[in-house]
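Asker: what's the 3D shape of this:
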Amino acid sequence: MARIFHVLIEQDEDRVYIGRVPELRGCVSQGDTLDELLKNIKEAIELCLEVQESNQQVAEENIKFIGVQEVEV
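Answerer: Numbering: from 1, shown residues only. Below is the predicted model of the structure:
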């Protein structure tokens with residue numbers, strides 16, 4: 001069964017894309033293009049899920065992605 005994860009995407013000063021998955025603590029990847037990032041983050045998600053299962057951490061974090069909001073200060 002397919003599962004859906006959210007990816008927060010940023011771009012650093014070197015124009016490298018960085019993706020983070022809020023539902024999976026520590027699940028981060030990067031790529032020079034968005035396509036490369038998405039390929040790499042899918043692999044990272046699969047690896048994070050494997051590690052969770054091998055550590056018998058079947059219960060996922062109780063983190064639920066809500067959204068992104070801009071704040072002006």
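Asker: where exactly do the strands run in the protein?
Answerer: 8-11, 17-20, 28-31 (DSSP state E).
Asker: could I get those as JSON lines with mean neighbour count, distance to residue 71 and mean pLDDT?
Answerer: In short, each C-beta sits where N, CA and C put it, glycine included. Shown next, in JSON lines, are those (neighbours: other Cβ atoms under 10 Å; distance: least, Cβ to Cβ, whole Å; pLDDT from 0 to 100):
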{"stretch": "strand 8-11", "mean neighbour count": "12", "distance to residue 71": "15", "mean pLDDT": "95"}
{"stretch": "strand 17-20", "mean neighbour count": "19", "distance to residue 71": "18", "mean pLDDT": "96"}
{"stretch": "strand 28-31", "mean neighbour count": "18", "distance to residue 71": "23", "mean pLDDT": "97"}
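Asker: export the ones you listed to JSON lines and tack on distance to residue 67?
Answerer: Below are the strands of the chain laid out as JSON lines (distance: least, Cβ to Cβ, whole Å):
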{"stretch": "strand 8-11", "distance to residue 67": "10"}
{"stretch": "strand 17-20", "distance to residue 67": "15"}
{"stretch": "strand 28-31", "distance to residue 67": "20"}
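Asker: Local confidence estimate at the residue nearest the centre of the chain?
Answerer: In the chain, the C-alpha nearest the mean C-alpha coordinate belongs to residue 21, at 2.2 Å (Cα atoms, centre = their mean). pLDDT for residue 21: 92.
Asker: Next: residue 57.
Answerer: Value listed for residue 57 in the pLDDT field: 54.
Asker: can you tell me which residues contact residue 8?
Answerer: Contacts for residue 8 (Cβ atoms under 8 Å, 6 or more residues apart in numbering) come out as 19, 20, 21, 22, 68.
Asker: which residues does the second one contact?
Answerer: Translated: residue 20. With contacts defined as Cβ under 8 Å, 6+ apart, residue 20 is in contact with 7, 8, 10, 27, 28.
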